[in-house]
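K.L.:
What follows is a predicted structure for the sequence shown.
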Amino acid sequence: MVDPTAAGLLGIAAALAVGLTGIGAALGEQMIGSAAVGAMAEDEGFFGRGLVMTVIPESIVIFGLVVALILLFVTLPTI
Amino acid sequence: MFEPQAMTKVIIAGSKDYMGVVIDALHKHNVMHIVDFVNEDNDFKIGKPYATATKLSERAVSLRSMASYLSITGKEDTPGRHPEDAIADEIDEKTERLSFEVTQVTHNISDIDSRIKDINDKKRLLDPLKSFDLPLDLYGGYRSLAVFVGTAKELPTISDITNDYELETAPYMRGHAIALFVPREFEDDVLKRLQEQGYSALSLPEIQGTPKDILADLDAQLIELETKKETSQEELRTLRERYIDYILASDEYLSIATQKAEAPLRFATTKNAFIIEGWIPTKNLADVQRDVDSVTDGHVMVATDESEQISAEKVPIALENPMPSQPFEVLVKAFALPKYNEIDPTMFVALIYPFLFALMLGDIGYGAVIIGIGLVVQRRLKSKGIRDLARILVYAGVLSVVFGFIYNEFFGVELFGASGLIPSFYAYPMVPRFDNIATLLVFTLVIGILMLTLGYILGFVNEYRQHGVKHAVFTKASWLLLLWGGVLVVIEILPPLTKAAAISISPALLAGFGIAVIGLVLLLVGEGIVGITELPTLLSNVLSYSRLLSIGVSSLGIALAVNKLSYALFFSKGGFFVIFGVILLIIGHAVNTALGILDSGLQSLRLHYVEFFTKFYRGGGMKYRPFGLIRKYTEE
């Protein structure tokens, strides 16, 4: 039997993991993105590298997402 | 295949008498990457271009301006090719005639354009007055009367200045059109008042008749001019039809002739001799040597320079991969061209990229859509880079379908099995993603560990070839030992940690520690403290591969949400609502397909660039630019 309070807390934890990391990644990407667009204005060949650099902070969200997935699909069924 | 094309350094030297034929021969082969001669001294000077160069480029400028008038971009396909000699014979006369015909028409058009603009200006001035019946010449020229014609935001109120006035108004736009006649002596006061009320004057053109009649007349003229313009544009199109072949062919002829005429600017010359330095792919060398020999009767020497000291940075790089993996060169080039003594990673990217992409996307429906998009783009678009990307998309789509069968997903819906769309199909073991999060997570980390291992091995090979075995052991083998030592340790201690049990000292754990310590010592010797500070990246590199799971699951989550929403909102209500349900499904899945391509594509690329390439690949090679041109419209 799933304890409703624990399940609810797990849900909130998962939401925080994704939401907060999302904010963090957005802040990082904002800065890199504007710098990358600036570099592209100088040299259009920068597009490929600029794109990749822009997605680098995305790792943080993905880690958050992984944490959320583990909480919801691995931890939740065990309580 | 795993390396850039082999190049041989070549020095061609001979008497200036033979320079022309040598240039022709090199241009025809289109294989020699010429290294520009720059260091002039007392003996060697930069060569002078042939005298024809100036005339050729003038002709090219005028021809290209014709082409732009006729909107010829230079990418059109034309049937058949023009022989070069025929173009050379008639280019002067024909270009002159073409230029005459085209400028006649374009002058005509620009003349019409300026008249149209003129009429539109007049129309704009007269438009506010269209409901006034007063002929235009009566709005001015009085000795005792001042006239104000224009627009105002509010209706003028001047009864406190004088009652002796005549005012015509009509609503116009958001204000009013006004024509106000007052005696001269009140002119200044009235003007001041009007300006306060947002008045702006119109300077009327000098035409006879009422505004309405004039406007009608102007409209008639406008229609006539538009027809004329259409006729002229039609003429231009006919000219384009008639001359496009000729323009494309002679433009190509001029490009080639200019290239040849300006080639000596890249050579070293003395009073009587010339020297060309450059690189030729080793496989083409014999052909070029034979040809140069035969056109010059052996009077020009083609010597190779195979001295070991040539630094790898100076060799131009041409990638050489078998056809199926060729499109992936785009992805490698977008990062950097390899150096001459470096491994060309294209083959590895070709094998791994679509696999990682499909691991994330993994859906029969989306895979099929992506294959379709790739095929259409490949057929419709001509740009080589985009077609290569489309080809990659097709590969990735095919594998996505395969993974879709494994995950048992079709646009997020379970396809086979007891609760699936096709219940009778059980033939193979399936791995639904939501039920196997933990297993798949471990699987993605294993992929990460294997890919990093491959990266370090390739790095070892690169370092070995560039700096010798000692350097390779210190900088690459050390990391490999650390990685695998760490993996052993984690395997041993993670399970007890999660169960809060005691960690038992097993041989595997000790071995893991041992290996990691050896790696650490090697790293310390090789890279010093800086190497130690890099240690955490190893962990984050491996964990980074968990995106293979999470991106895929979020894409599946979006698909599920779209399906459930459209069912709950529309399909469950039946009847007329089914249409909305279908629309929601189409839009939702279209968005998710776009996200799937973008996200899976970029994240897979990132795993290559950031995690994989950094282990072995530096790049920085110079692009191979052979002297010559691929003919499309002409032939020799």
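P.N.:
Received it, and whenever you're ready, just let me know what you need. Numbers count the residues shown, from 1 in each chain, chains lettered A, B, ... in the order given.
K.L.:
Can you name the residue of chain A nearest chain B?
P.N.:
A:G48 (3.2 Å; CB to the nearest CB). For every residue, glycine as well, the C-beta is placed using N, CA and C.
K.L.:
for the chain, which helix is longest?
P.N.:
Picking chain A for this. helix A:4-42 (DSSP state H).
K.L.:
oops, I was thinking of chain B
P.N.:
helix B:211-262.
K.L.:
ok so B:I11 is a strand residue?
P.N.:
Yes. According to DSSP: H, G, I helix; E, B strand; the rest coil, B:I11 belongs to a strand.
K.L.:
residues contacting it?
P.N.:
B:275-277, B:302-305 (CB atoms under 8 Å, 6 or more residues apart in numbering or on different chains).
K.L.:
And it, what's its pLDDT?
P.N.:
Note for B:I11: predicted pLDDT of 90.
K.L.:
now B:V431
P.N.:
On pLDDT, B:V431 comes in at 85.
K.L.:
Hmm, B:G404 and it touching each other?
P.N.:
No. B:V431 lies out of contact with B:G404 (CB atoms under 8 Å); the separation is 11.3 Å.
K.L.:
Which element, helix or strand, includes the one residue in chain B that gets nearest to chain A?
P.N.:
Using CB to the nearest CB, the closest approach of chain B to chain A is made by B:A334 at 3.2 Å. Take DSSP states H and E as the rule and B:A334 turns out to sit in helix B:329-335.
K.L.:
what about that helix, distance to the chain center?
P.N.:
13 Å (CA atoms, centre = their mean, to the nearest Å).
K.L.:
what does the average pLDDT come to for the longest helix of chain B?
P.N.:
The model assigns helix B:211-262 a mean pLDDT of 88.
K.L.:
Could you do stretch B:74-93 as well?
P.N.:
Mean predicted lDDT for stretch B:74-93 stands at 79.
K.L.:
re earlier: neighbour count for B:V431 and B:G404, which is higher?
P.N.:
B:G404 (22 against 14; other CB atoms under 10 Å in any protein chain shown).
K.L.:
Report the contact partners of the more buried one.
P.N.:
B:362-367, B:410.
K.L.:
Closest one to B:A350 out of those residues, please.
P.N.:
B:G367 (18.3 Å; CB to CB).
K.L.:
returning to what we had before: close to chain B, is the longest helix of chain A?
P.N.:
No. Helix A:4-42 does not reach chain B (CB under 8 Å from any CB of the partner chain); its nearest approach is 9.3 Å.
K.L.:
Run the chain-centre distance for the next helix-or-strand element following that helix.
P.N.:
Per DSSP H and E, the first helix or strand lying C-terminal to helix A:4-42 is helix A:47-55. Chain-centre distance of helix A:47-55: 17 Å, with CA atoms, centre = their mean.
K.L.:
And the average pLDDT for helix A:47-55 is what?
P.N.:
The model assigns helix A:47-55 a mean pLDDT of 78.
K.L.:
quick one: it to helix A:4-42, angle?
P.N.:
Put simply, helix A:47-55 runs at 150 degrees to helix A:4-42, going by axes from the mean of the first three to the mean of the last three CA atoms, to 10 degrees.
K.L.:
Can you list the low-confidence ranges for the stretch 251-400 of chain B?
P.N.:
For the stretch 251-400 of chain B, applying pLDDT under 70 flags the ranges B:308-310.
K.L.:
And the helices in it?
P.N.:
Here the stretch 251-400 of chain B has its helices, by DSSP state H, counting those that start in this stretch, at B:282-296, B:329-335, B:346-361, B:364-380, B:384-407.
K.L.:
right, so these: which one is the most enclosed?
P.N.:
Mean neighbour count (mean count of other CB atoms under 10 Å in any protein chain shown) peaks for helix B:346-361 among the helices of the stretch 251-400 of chain B, with a mean of 23.
K.L.:
and it, what does it pack onto?
P.N.:
helix B:329-335, helix B:364-380, helix B:384-407, helix B:437-467, helix B:547-569, helix B:577-606 (3 or more CB pairs under 8 Å, 6 or more residues apart in numbering or on different chains; DSSP states H and E).
K.L.:
which bits of chain B sit near chain A?
P.N.:
B:334-335, B:434, B:437-438, B:441, B:540, B:543-544, B:546-547, B:549-551, B:553-554, B:602-603, B:605-606, B:609-610.
K.L.:
can you do 7 Å?
P.N.:
Proximity of chain B to chain A, by CB under 7 Å from any CB of the partner chain, involves residues B:334, B:434, B:437-438, B:441, B:543-544, B:546-547, B:549-550, B:553-554, B:602, B:605-606, B:609-610.
K.L.:
Narrow the residues you listed to those that are buried.
P.N.:
With burial judged by 16 or more other CB atoms under 10 Å in any protein chain shown, the buried subset of the residues of chain B next to chain A is B:334, B:437, B:441, B:543-544, B:546-547, B:549-550, B:553-554, B:602, B:605-606, B:609-610.
K.L.:
Widest-spaced pair of these?
P.N.:
Pairwise over those, using CB to CB, the maximum falls at B:A334 and B:I437, 33.0 Å.
K.L.:
Phi and psi next, for B:P338.
P.N.:
Dihedral angles phi and psi of B:P338 (degrees, to the nearest 10) take the values phi -70, psi 160.
K.L.:
tally of neighbours for B:T304?
P.N.:
13.
K.L.:
which residues touch it?
P.N.:
Going by CB atoms under 7 Å, 6 or more residues apart in numbering or on different chains, B:T304 touches B:8-10.
K.L.:
and if we set it to 6 Å?
P.N.:
B:T304 makes contacts with B:8, B:10, as judged by CB atoms under 6 Å, 6 or more residues apart in numbering or on different chains.
K.L.:
what bridges to it?
P.N.:
Bridge pairing for B:T304 (DSSP bridges) gives the partners B:V10.
K.L.:
returning to that earlier point: give me the helices and strands touching the longest helix of chain B, please.
P.N.:
On a contact count with 3 or more CB pairs under 6 Å, 6 or more residues apart in numbering or on different chains; DSSP states H and E, helix B:211-262 meets helix B:52-69, helix B:84-126, strand B:634-635.
K.L.:
Please produce a markdown table containing these, extended by mean neighbour count.
P.N.:
Formatted as a markdown table, the helices and strands packed on helix B:211-262 follow (neighbours: other CB atoms under 10 Å in any protein chain shown):
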| stretch | mean neighbour count |
| --- | --- |
| helix B:52-69 | 16 |
| helix B:84-126 | 15 |
| strand B:634-635 | 16 |
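K.L.:
So which of these is nearest B:I579?
P.N.:
When the helices and strands packed on helix B:211-262 are compared by CB to CB, helix B:84-126 sits nearest B:I579, at 46.3 Å.
K.L.:
Tell me the gap between that closest one and the middle of its chain.
P.N.:
33 Å.
K.L.:
what does stretch A:11-20 contact?
P.N.:
A:64-65, A:67-68, A:71-72.
K.L.:
same deal with stretch B:255-265?
P.N.:
B:23, B:27, B:47, B:49-50, B:52-53, B:56-57, B:629.
K.L.:
How many residues are close by B:I583?
P.N.:
Other residues close to B:I583 by other CB under 10 Å number 12.
K.L.:
what's downstream of the host helix or strand of B:K192, the next helix or strand?
P.N.:
In this structure, B:K192 sits in helix B:187-196 according to DSSP H and E. The element immediately downstream of helix B:187-196 (helix or strand, assigned by DSSP H and E) is strand B:200-201.
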